[in-house]
Structure formats: structure tokens, C-alpha cells
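[1] fold the following.
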Amino acid sequence: MIASEGMGTAAAGTSETLLVDRRGPAVFVTLNRPGAANALSRALVAELTQLLGALAGEVAGGADIRALILTGAGDKAFSAGADLKERRTWTLDDTRVFLGEINALMNALDDFPRPVIAAINGVAFGGGLELALACDLRIAADTAEVGLTEVRLGIIPGAGGTQRLTLIAGVAAAKELILTGRRIGATRAKELGIVSEVVPSDDLSAAAARWATEIAGAAPLALGAAKRAIDYGTGRTLSQGLCFERTNYEEVLVTEDRNEGLAAFAEKRPPVYKGR
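    Residues are numbered from 1 along each chain as shown. All right, here's what the predicted structure looks like:
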């Protein structure tokens, strides 16, 4: 479990099912239901959505948050998906309401103003993989398995999986995985572009921290602007994307951080960015 390693300051949002650990400008969030394979219960979805909103509010208020890392407790599961034991007690209307709630969570991850990294420590099936796909980057333990297995349960991915997997890995890969319900290992997931790096299970915590440190070396306003530009351009024409890129470039062009970056380069020293 990544969040249990190292010394950090607990953030608001820590609970029995959701652990939060601040380490400098990085926030590590751990789904903490190892006995249930970190399944996405209604309570966990609500807590995580609320936490993301609170952290986004901190960023808007000038807090120095440059990366968020999402992982699961233990070494067996990132998240096995929806809590099917809980879902068996629901009516159809209950399920429809939950679909709205879990999609709101995925959109909150997608829209988070700083880069979000999924550190996939074990299986990520169904909603668990959809959660990882809503993040900006994914790294995985070599023991991890991923899959969108919903068709084997008589449904389809309902939390963005059909769309985000297609955008990330392409139509052929999305159809391969979704139409078969196939589960694949971390190495195959990297070949398909679903994950960026595969590391030994024991090294996942260090790898996540390394990614966070690398991202934290960048100017926070630039991180947000670059993420917005990339996301906006997806599915739009090149001219639309370029226009939006220019808008975001203009925003960072007049910041103190931009001047600090140039000064640090000229003086051959690490920049000290302040998010303004």
C-alpha cells in the first residue's frame, strides 16, 4: 500500500475506506477496502468524489498540489470494480442513480486540475479499470491484471470504459478487451498503451513517488494548462485544438513562474515555482 510508506501529513478526507497522505506537493490517495478487493461501494465513490472536489478547491485557492497518486490497499487489488454484493440489493432505479454517481467520480478525476497517476498494484477490473482510465497516467505492478469484464455479467462498461479505453488504446484494442471481457497482464497492457510503465510489485511505491517527483519539478500553472489543452483537443479538429493551446499558452506566458523558469535556466539552477 503506497500511502502507508513514508511520513506525510494526513489530509482532510482520510477515513476507514479512503487513506490520504500528503508528501510535499504530491497527494497519495489509497482505496482502503482490501478485504473487498477495494471494490467501489457507494460510500467509497461518494467519499472519493468529495475528496477530489476539496482538493480541486485547494488548487483553485493556490495550494501547492502538483500531482495526485491513486492506488489500492494491499498487493492483490487496485479495485475489482463495483461492489456486486452491495449491488445485488438494489432496484433498477438504485443502479441508475449509482451510475450517475460513479460517472461523476470519473469526470472529477478527468477534470482534476493537476495530473493524476493511477498506481495499479493488483487487479483492476470493470469499474476499477475505468477508474484508472480516468486518470492521466497509469503505472502498474508486474503482477497486475486489467480488464473490462462487464459483458460477461450481461452489461457493458457504464463508467466511461467504452469511451476512455478507445481514446487511450484505440478502437481495435478496445473492442478486443470489451467484446471478449478478456483479462490481460501488465505487460500486455503496456504494449497496448494502457499503462506507461511496468515495475516489480515491490517497486511500485518508489516508481509512483518518482513520477510524482518528476511532475512536481514543473510549474503548477503550466501543468494545469497543458493538461487542459491535451484534453480539450481530444476528439476535436486540429485547428480547434491549436486555438485552445494558444489560449492556454497566453495564460502562462504572463505568469511569474514563466519568468522564474527562464531565470533558472539562465542561472543554471533548479527553478522555484510558486504557482503564480
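
[2] for the rest of this, base every contact and every neighbour count on C-alpha atoms.
    Will do.

[3] and residue 234, how many neighbours?
    Other residues near residue 234 number 12, with proximity taken as other CA atoms under 10 Å.

[4] OK, contacts around the residue nearest the centre of the chain?
    The centroid of the chain falls nearest to residue 135 when counting by CA atoms, centre = their mean (2.5 Å). Residues in contact with residue 135, defined by CA atoms under 8 Å, 6 or more residues apart in numbering, are 109-110, 115-118.

[5] which of the residues you listed fall within helices?
    Among these, the members found in helices (DSSP state H) are 109-110.

[6] okay if I get the contacts of residue 135 as JSON lines plus distance to residue 71 and pLDDT?
    As requested, those are exported to JSON lines (distance: CA to CA, whole Å; pLDDT from 0 to 100):
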{"residue": "109", "distance to residue 71": "13", "pLDDT": "96"}
{"residue": "110", "distance to residue 71": "16", "pLDDT": "94"}
{"residue": "115", "distance to residue 71": "14", "pLDDT": "96"}
{"residue": "116", "distance to residue 71": "11", "pLDDT": "97"}
{"residue": "117", "distance to residue 71": "9", "pLDDT": "97"}
{"residue": "118", "distance to residue 71": "6", "pLDDT": "98"}
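
[7] got a PyMOL select line for the buried ones in the contacts of residue 135?
    Entered in PyMOL, the line below selects the buried ones among those, by 16 or more other CA atoms under 10 Å:
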select buried, resi 109+110+115+116+117+118
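
[8] need the contacts of residue 135 in CSV with distance to residue 262, can you?
    Converted to CSV, those look like this (distance: CA to CA, whole Å):
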residue, distance to residue 262
109, 31
110, 30
115, 23
116, 27
117, 28
118, 32
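
[9] greatest separation within the contacts of residue 135: which pair is it?
    In the contacts of residue 135, two members sit farther apart than any others by CA to CA. They are 110 and 118, at 12.0 Å.

[10] overlap in contacts, those two.
    135-136.

[11] and whichever helix or strand residue 68 is part of, which strands flank it?
    In this structure, residue 68 sits in strand 67-72 according to DSSP states H and E. If you go by DSSP bridges, strand 67-72 pairs up with strand 26-31 (parallel), strand 116-120 (parallel).

[12] any idea which of those strands gets closest to residue 172?
    strand 116-120 (23.0 Å).

[13] can you list contacts of the helix or strand just after the closest one?
    Per DSSP H and E, the first helix or strand lying C-terminal to strand 116-120 is strand 123-125. The contact list for strand 123-125 (CA under 8 Å, 6+ apart) reads 76-81, 132, 144-149, 183.

[14] next, residue 173: secondary structure please.
    Classification of residue 173 by DSSP: H, G, I helix; E, B strand; the rest coil places it in helix.

[15] got a list of what it touches?
    Applying CA under 8 Å, 6+ apart, the residues contacting residue 173 are 166, 192.

[16] and it, what's its pLDDT?
    Note on residue 173: pLDDT of 96.

[17] against residue 133, how distant is it?
    Counting by CA to CA, to the nearest Å, the separation of residue 173 from residue 133 is 14 Å.

[18] over to residue 223?
    As for residue 223, its distance to residue 133 is 19 Å (criterion: CA to CA).

[19] okay, the two: which has more neighbours?
    Using other CA under 10 Å as the criterion, residue 223 and residue 133 rank with residue 133 on top: 25 against 18.

[20] from memory that one sits against residue 165, does it?
    Yes. Contact criterion CA atoms under 8 Å: residue 133 and residue 165 qualify, at 6.7 Å.

[21] quickly list what's touching both of those two.
    Shared contacts of residue 133 and residue 165, defined by CA under 8 Å, 6+ apart, comprise residue 194.

[22] on that earlier part again, so which of the contacts of strand 123-125 sit within strands?
    In strands, defined here by DSSP state E, the members of the contacts of strand 123-125 are 77-79, 145-147.

[23] which of the residues you listed has the largest number of neighbours?
    residue 78 (36 neighbours).

[24] which residues does it contact?
    For residue 78, the contacting residues are 31, 37-38, 71-72, 119-124, 128, by CA under 8 Å, 6+ apart.

[25] if you set the cut-off to 6 Å instead, what comes out?
    Counting by CA atoms under 6 Å, 6 or more residues apart in numbering, residue 78 touches 71-72, 120-124.
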